[in-house]
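In: Sequence first, then the predicted structure:
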Amino acid sequence: MANNQRGKRKKQNLKLPLTNYEQIRSEFPFVLDIRDGDQSGMASSQSVIRKTILLDDGTKILATEHIKDEKIAWFYYDYIDSNGLTLVKFHSESHDDGKKESKKYQTRTEPYHIHPSELKSLSNLSRFPNFDHRSLRSVVESLLIYRLINESKKS
């Protein structure tokens with residue numbers, strides 16, 4: 001069993017490609033800056049990449065990627081509004097510690113899952129499957145699509 005910041009769970013290594021932060025900065029014009037560090041207040045290390053991505057509307061993405069053998073073992077990508085409220089979380093930590101109780105925390109796409117806004121979450125069991133958003137780039141791209149839809153509604 002591995003002991004990490006989210007509690008005791010089985011060791012996990014998804015072996016996902018490392019995020020290219022420079023590519024994200026150059027491909028998405030609403031990304032203003034990418035800074036080292038996440039919500040923990042800690043800087044990146046060899047085993048954990050921590051970034052804060054500042055967007056042009058005052059929102060931000062807090063990205064935490066746990067690294068093993070130069071691959072992403074698991075991640076947390078949290079989208080935060082300008083007041084500090086969590087809007088949505090894209091996570092990939094497994095909720096399988098071998099206990100029957102843990103099964104109710106799992107989704108069909110375990111370990112990938114989405115947590116809704118803190119305002120919509122009625123309990124810790126409010127989790128949704130995540131079939132496609134399994135990289136930071138895909139999360140940022142989904143925010144672009146969301147912005148385009150909202151802008152078209154205003155026209």
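Out: Now that the structure is in, tell me what you want to look at. Being a predicted model, the structure only gives us computed values, none of them experimental.
In: And the strands in this structure?
Out: Along the chain, the segments classed as strands by DSSP state E run 2-4, 7-9, 31-36, 48-55, 60-68, 71-80, 86-91, 113-115, 128-129.
In: Just put the ones you listed in a markdown table and tack on mean neighbour count, mean pLDDT and distance to Leu18.
Out: Any C-beta I mention is one placed from the backbone N, CA and C, and that applies to glycine too. Formatted as a markdown table, the strands of the chain follow (neighbours: other Cβ atoms under 10 Å; pLDDT from 0 to 100; distance: least, Cβ to Cβ, whole Å):
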| stretch | mean neighbour count | mean pLDDT | distance to Leu18 |
| --- | --- | --- | --- |
| strand 2-4 | 12 | 39 | 19 |
| strand 7-9 | 13 | 47 | 22 |
| strand 31-36 | 14 | 97 | 14 |
| strand 48-55 | 19 | 98 | 8 |
| strand 60-68 | 21 | 97 | 7 |
| strand 71-80 | 21 | 97 | 6 |
| strand 86-91 | 20 | 94 | 17 |
| strand 113-115 | 20 | 92 | 22 |
| strand 128-129 | 13 | 90 | 25 |
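In: can I get the ones you listed in a markdown table with distance to Tyr105?
Out: Putting those into a markdown table (distance: least, Cβ to Cβ, whole Å) gives the following:
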| stretch | distance to Tyr105 |
| --- | --- |
| strand 2-4 | 15 |
| strand 7-9 | 11 |
| strand 31-36 | 31 |
| strand 48-55 | 23 |
| strand 60-68 | 19 |
| strand 71-80 | 15 |
| strand 86-91 | 11 |
| strand 113-115 | 9 |
| strand 128-129 | 12 |
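In: List the beta-bridge partners for Asp33.
Out: With DSSP bridges applied, the residues forming beta bridges to Asp33 are Leu54.
In: Would you mind listing the buried residues in the lengthiest helix in the chain?
Out: Using DSSP state H, we find that the single longest helix of the chain is helix 136-154. Taking 16 or more other Cβ atoms under 10 Å as the neighbour-count basis, helix 136-154 is seen to contain the buried residues Leu136, Arg137, Val139, Val140, Leu143.
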